[in-house]
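Colleague: need a 3D model of the following:
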Amino acid sequence: MSCHQKTSVKEMKSVAIDACFQSEVQQVVCAIPQGYVLTYGHIARLIGYPQHARQVGLVLKRIGEAQVPCHRVVNSSGRLVPSWDEQGELLHQEGVKFKANGCVDLQQSLWKPYDIQNE
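Modeller: Take a look at the predicted model:
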């Protein structure tokens with residue numbers, strides 16, 4: 001799935017968000033089925049950059065919901081984006097399961113493509 005040349009961990013920390021990285025993030029997010037979510041970290045692992053969860057978030061912030069179903073991406077605790085009220089509504093409409101604290105129930109609603117590259 002990755003079009004990036006694999007590099008050392010030290011080199012990866014300086015990876016810029018380029019068109020290829022953005023494209024890979026978009027491909028993964030577009031593949032998340034309705035009723036499921038992924039975390040920023042899972043997406044980073046799937047595209048071969050396990051330490052780049054924040055960069056995934058930046059990509060999604062840049063491209064927005066119009067291009068990909070960004071609402072299906074949550075943090076590692078299942079928390080929603082604080083300033084985006086519609087995210088929870090969209091996930092509820094799709095049947096995503098929530099805990100009493102308002103976080104997505106990742107046990108029930110986490111999409112597990114290829115067991116997220118063996119975590």
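Colleague: hey, let's count contacts and neighbours off CA atoms from now on
Modeller: Noted.
Colleague: pLDDT on the longest helix seen in the chain, on average?
Modeller: For the chain, the helix with the greatest residue count under DSSP state H is helix 19-31. The pLDDT scores in helix 19-31 average 94.
Colleague: list the buried residues in it.
Modeller: The neighbour-count check on helix 19-31 (16 or more other C-alpha atoms under 10 Å) flags 21, 22, 24, 25, 26, 28, 29 as buried.
Colleague: what about the first one, distance to residue 67?
Modeller: Spelled out, that is residue 21. Using C-alpha to C-alpha, to the nearest Å, residue 21 is found at 15 Å from residue 67.
Colleague: same question for the fifth one.
Modeller: Shown here: residue 26 relative to residue 67, a distance of 8 Å by C-alpha to C-alpha.
Colleague: pLDDT score for the most centrally placed residue in the chain?
Modeller: Most central in the chain under C-alpha atoms, centre = their mean is residue 40, positioned 3.7 Å from the mean C-alpha point. In this model, residue 40 is scored at 97, pLDDT.
Colleague: contacting residues around the nearest residue to it once chain neighbours are set aside?
Modeller: In space, residue 40 comes closest to residue 53 once its chain neighbours are excluded; the distance is 4.8 Å by C-alpha to C-alpha, 6 or more residues apart in numbering. When contacts are counted by C-alpha atoms under 8 Å, 6 or more residues apart in numbering, residue 53 touches 40, 41, 42, 43, 44.
Colleague: repeat the analysis, applying 10 Å as the threshold.
Modeller: By C-alpha atoms under 10 Å, 6 or more residues apart in numbering, residue 53 lies in contact with 39, 40, 41, 42, 43, 44, 45, 75, 76.
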